[in-house]
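Peer 1: starting from these lines, generate the structure:
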Amino acid sequence: MIDFHIHMGKSSSGSLYTLNDLDNMMIENEIDYVGLSLLNGTDVSKLNDTVYNYSQQNNRIIPFAYINPRDDNAINEVKRTLGKYKMKGVKFHSWKHGYNPENIGSLDDIIDEIEKYNVPILTHTGTAPLSLPHSWARVAKKHPNQKWVFAHIGLLDYGYGCIEAIKTLKNVYVDTSGQNEVQILEKALNDLGENRIIYASDWPYKYVKSEILKLDCLNLNKEQKKKIFHNNAAELLGIKKN
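Peer 2: Purely as a prediction, here's the structure:
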């Protein structure tokens, strides 16, 4: 099993999560790999250094670079993290960094640079007004050769709209973390198919076992489970598929 989207460090509640906590979570839930990005700070270079160092200590951690398009050094940070460190993905969070993805001039050039490294972009969706899925969908449509994963399927307010916005965009996947409405999960399976859905927990902000068990509502067959819980993520991250 691959958990495509997790975090560490100090949570919004003030709790501190360590590598040991991560190991215990992975053992308890039989997870083989995790996609890690750190968001708890303002200096993305330091956060990315920490993620890289964690990945060197634990080869089951797949490092994601956290990139802020408002930072004048953003393209150099892409080159440093994806080139020098060979990190396997990029995390955008337009709500936390305070930009509208449709109205920031630097974003297209940054995405063009990311595309050179053949890694997925994971972006938060579902928090108004800066992280709306239809806004990110218009950006993804301009970059059809870049693979995207829309986290949370638009969360609770924008789930249906998220799926509608990306139905025809074959370069966009969704991750299941934080999306608890059964009808939206069913719509994702029906409209996008099992090839474009990726399991993720958003640990430690979400409870992993609940994030896994909620997908029982979809009555997935063996091949669908293999794709959603492993193979789709493995293909994007360059991990051997089952």
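Peer 1: how about stretch 207-218: buried residues?
Peer 2: Val208, Glu211, Ile212, Leu215, Leu218 (16 or more other CB atoms under 10 Å). For the C-beta atoms, the positions are set from N, CA and C on the backbone; glycine is no exception.
Peer 1: end to end, how far does it reach?
Peer 2: By CA to CA, to the nearest Å, the extent of stretch 207-218 from end to end equals 19 Å.
Peer 1: same check on stretch 135-154?
Peer 2: End residues of stretch 135-154 are separated by 11 Å (CA to CA).
Peer 1: which ones are touching Ala137?
Peer 2: Phe150, Cys162, Ala165, Ile166, Leu169, Val172 (CB atoms under 8 Å, 6 or more residues apart in numbering).
Peer 1: ok, then the element right after the helix or strand hosting it?
Peer 2: Using DSSP states H and E, Ala137 sits within helix 133-142. Reading on from helix 133-142 to the C-terminus, the next helix or strand found by DSSP H and E is strand 148-151.
Peer 1: what packs against that following strand?
Peer 2: Helices and strands touching strand 148-151, by 3 or more CB pairs under 8 Å, 6 or more residues apart in numbering; DSSP states H and E, are strand 2-6, strand 121-124, helix 133-142, strand 172-175.
Peer 1: please name the nearest non-neighbouring residue to the residue positioned nearest the centre of the chain.
Peer 2: Nearest to the geometric centre of the chain sits Leu122, at 3.6 Å (CA atoms, centre = their mean). Sequence neighbours aside, Val149 is the residue nearest to Leu122 in space, at 4.7 Å (criterion: CB to CB, 6 or more residues apart in numbering).
Peer 1: is the one you found bridged to anything, and to what?
Peer 2: Leu122, Tyr173 (DSSP bridges).
Peer 1: list the neighbouring strands of the lowest-mean-pLDDT helix or strand in the chain plus their orientation.
Peer 2: Among the helical and strand segments of the chain, the one scoring lowest on mean pLDDT, DSSP states H and E is strand 9-10, with a mean of 78. Strand pairing for strand 9-10, using DSSP bridges, gives strand 16-17 (antiparallel).
Peer 1: chain center to the strand it pairs with, what's the gap?
Peer 2: 20 Å (CA atoms, centre = their mean, to the nearest Å).
Peer 1: now the angle between strand 2-6 and the very next helix or strand once past it, please.
Peer 2: Toward the C-terminus, strand 16-17 is succeeded by helix 19-29 as the next helix or strand (DSSP H and E). Angle, helix 19-29 to strand 2-6, by axes from the mean of the first three to the mean of the last three CA atoms, to 10 degrees: 140 degrees.
Peer 1: got the CA positions of helix 19-29 in PDB?
Peer 2: Output of helix 19-29 as PDB, limited to C-alpha atoms (Å, rounded to 0.1, in the frame of the first residue of the first chain):
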ATOM      1  CA  LEU A  19       9.900   9.500  12.400                       C
ATOM      2  CA  ASN A  20       9.200   7.000  15.100                       C
ATOM      3  CA  ASP A  21       5.500   7.900  15.000                       C
ATOM      4  CA  LEU A  22       5.600   7.500  11.200                       C
ATOM      5  CA  ASP A  23       7.100   4.100  11.500                       C
ATOM      6  CA  ASN A  24       4.500   3.000  13.900                       C
ATOM      7  CA  MET A  25       1.700   4.300  11.700                       C
ATOM      8  CA  MET A  26       3.100   2.500   8.700                       C
ATOM      9  CA  ILE A  27       3.500  -0.800  10.500                       C
ATOM     10  CA  GLU A  28       0.000  -0.600  12.100                       C
ATOM     11  CA  ASN A  29      -1.700   0.100   8.700                       C
END
